[in-house]
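Structure for the following, please:
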Amino acid sequence: MKVISLGFRTDLMLRAMAGSVLEDRPDHLVVRTPANPAFRWGNFVLLGRPPRSGDRWEAVFDAEFPGAAYLALGVDGTDGDTGDAAELARLGATAEVSTVLTADRLVPPARPLPAGTEVRPLAGDEDWAQAVGLRRALDGPEPPEEHRLFVERRVAETRRLCEAGHGAWFGAFVDGRMRAGAGVFGHGVFGAGVLGAGVFGNGGGAARYQNVETHPGFRGRGLASHVVHRAGRWALEDAAARTLVIVADPGYHAIRIYRKLGFEDTERQVQLTRLPGE
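Residues are numbered from 1 along each chain as shown. Sure thing, here's the model as predicted:
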């Protein structure tokens, strides 16, 4: 199956770099991340087309992930088609349609970097411990133990990718404390030879952002704009990426930040999810 969606091609790029298992089928793709089984979008089925009446994709998913309490189906495509409404209702699935934005150059942030703030790549145990702390601040005071373990695994995976040369994670440090962060990773620049062209198509030179985050107590100061801009400049200038890719919720305010920095809407990406108990 050749994947046409730039959003999913870069998602799969990241999964391949991280060591996930990608199993190619004629009309779908299976993605497995044994090191983090709680990661839904590291353990999912990517459909070659939107679901239609009479499809039995839940049976395919259950056969591939028999212990999963959830359903996670990606839909390859570029126009945001979620498929047959009656079929989605039968599946009990919620459709999330995200905007895929791209840029080949960036506009500097309109606001200057606040005094006492430094934007730089993460390096060393203390920086990565602060990245975990930032994620926990976003999750609230008492997340379940399972979720805390999930966060630690995700940050550890990210660190391995950076230290293997697949990308970099940038933080905005206010008086020495990490208050915002984002990563950028690429194929054909950082991780040549990781992906098979038959599945992914021509994705070389694309750099994908991950997890643009700001501490709840430090929002509205322009930190995210500076982190995204600094990470993008690094990818374009130092790592020779040709296209920056970021995926955003069209209804969330962060998408306006990306557009102001020079990103333009390119595609729409569809994910179908049924969570435990739904």
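
who does the host helix or strand of residue 178 pair up with?
Counting by DSSP states H and E, the element that carries residue 178 is strand 177-186. Strand 177-186 sits in its sheet next to strand 167-174 (antiparallel), strand 206-214 (antiparallel), going by DSSP bridges.

Would you mark the buried spots in it?
178-186 (16 or more other CB atoms under 10 Å). From N, CA and C alone the C-beta is placed, and that goes for glycine too.

From residue 30, how far out is residue 219?
Computed as CB to CB, to the nearest Å, the residue 219 to residue 30 distance reads 38 Å.

what does residue 229 give?
Residue 229 is 36 Å from residue 30, by CB to CB.

what's the answer for residue 127, then?
Residue 127 is 35 Å from residue 30, by CB to CB.

now do residue 60
8 Å.

what's the residue closest to the geometric middle of the chain?
residue 210 (4.6 Å; CA atoms, centre = their mean).

hang on, it packs against residue 15?
No: using CB atoms under 8 Å, residue 210 makes no contact with residue 15, being 11.7 Å away.

What are the structural domain limits within this structure?
Using automatic domain parsing, the domain ranges for the chain come out as 6-99, 103-266.

need those in a markdown table with distance to residue 278 and mean pLDDT, can you?
Formatted as a markdown table, the domains of the chain follow (distance: least, CB to CB, whole Å; pLDDT from 0 to 100):
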| stretch | distance to residue 278 | mean pLDDT |
| --- | --- | --- |
| domain 6-99 | 6 | 95 |
| domain 103-266 | 18 | 88 |
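
Please tabulate the ones you listed in a markdown table, including the columns distance to residue 277.
Below are the domains of the chain laid out as a markdown table (distance: least, CB to CB, whole Å):
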| stretch | distance to residue 277 |
| --- | --- |
| domain 6-99 | 8 |
| domain 103-266 | 14 |
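
what's residue 267 in contact with, if anything?
5-7, 78-79, 99-100 (CB atoms under 8 Å, 6 or more residues apart in numbering).
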